[in-house]
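Undergrad: need the 3D shape of this:
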Amino acid sequence: MQKSDERRASLLADLTGAGGPVSASKLAARYNVSRQIIVGDIALLRASGEDITATPRGYILKLTPGGIIRRLACVHTPEQMEDELNIMVDNGITVENVIVEHPVYGQLTGQLHLSSRYDVQQFMRKLEGTSAAPLSDLTGGVHLHTLLCSDEAAFARVKDALAAKGYLYGEKSC
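TA: Coordinates of the predicted model:
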């Protein structure tokens, strides 16, 4: 059996080379340990300074991104969420997260890391398969998205497309 410090080093290497999210279950099977051991290993890696994020599809190691980070305030109905996310990824944007302002807890952030229609489809399937509501339900549909954009032109395209649908908060909204 592999020592825990060796397993954590190997986990970090796996996440570095993964190119996308890796589930705790998949990692547990690879290392022949329980999912809970992997969750603990990830917690220890985070405590040591590694920027590992848990997404709905698994863990990712955040590397220094190329491009620019922008935020948009959006509003829409739950039925329009998939359309909103597809508009973003179709324009070459990675939707890093969703943020809402809760009256008791303050800012709540849900990690998304969606870069393609496949990612959006998997996220929607997971959401529909649970009794969980989108974070934006807490705020009547109002929310922020942090976006990783290749350049200002990509951000402008997304803004224009969302505005045309009435999804930008503060503009003609649904």
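Undergrad: does M124 really touch Q80, like I thought?
TA: No - using C-beta atoms under 8 Å, M124 makes no contact with Q80, being 11.9 Å away. For every residue, glycine as well, the C-beta is placed using N, CA and C.
Undergrad: not counting its neighbours along the chain, what's nearest C149?
TA: F155 (4.3 Å; C-beta to C-beta, 6 or more residues apart in numbering).
Undergrad: quick one: neighbours of the one you found, just the number.
TA: 21 (other C-beta atoms under 10 Å).
Undergrad: how about Q107?
TA: 9.
Undergrad: can you tell me which residues contact it?
TA: I99, V100, E101 (C-beta atoms under 8 Å, 6 or more residues apart in numbering).
Undergrad: try 6 Å
TA: I99 (C-beta atoms under 6 Å, 6 or more residues apart in numbering).
Undergrad: report pLDDT for it.
TA: Reported pLDDT at Q107 in the predicted model: 91.
Undergrad: please report how far L114 lies from K126.
TA: Noted for L114: a distance of 12 Å to K126, by C-beta to C-beta, to the nearest Å.
Undergrad: surely the residue nearest to C149 is in a helix?
TA: Yes - under DSSP: H, G, I helix; E, B strand; the rest coil, F155 sits within a helix.
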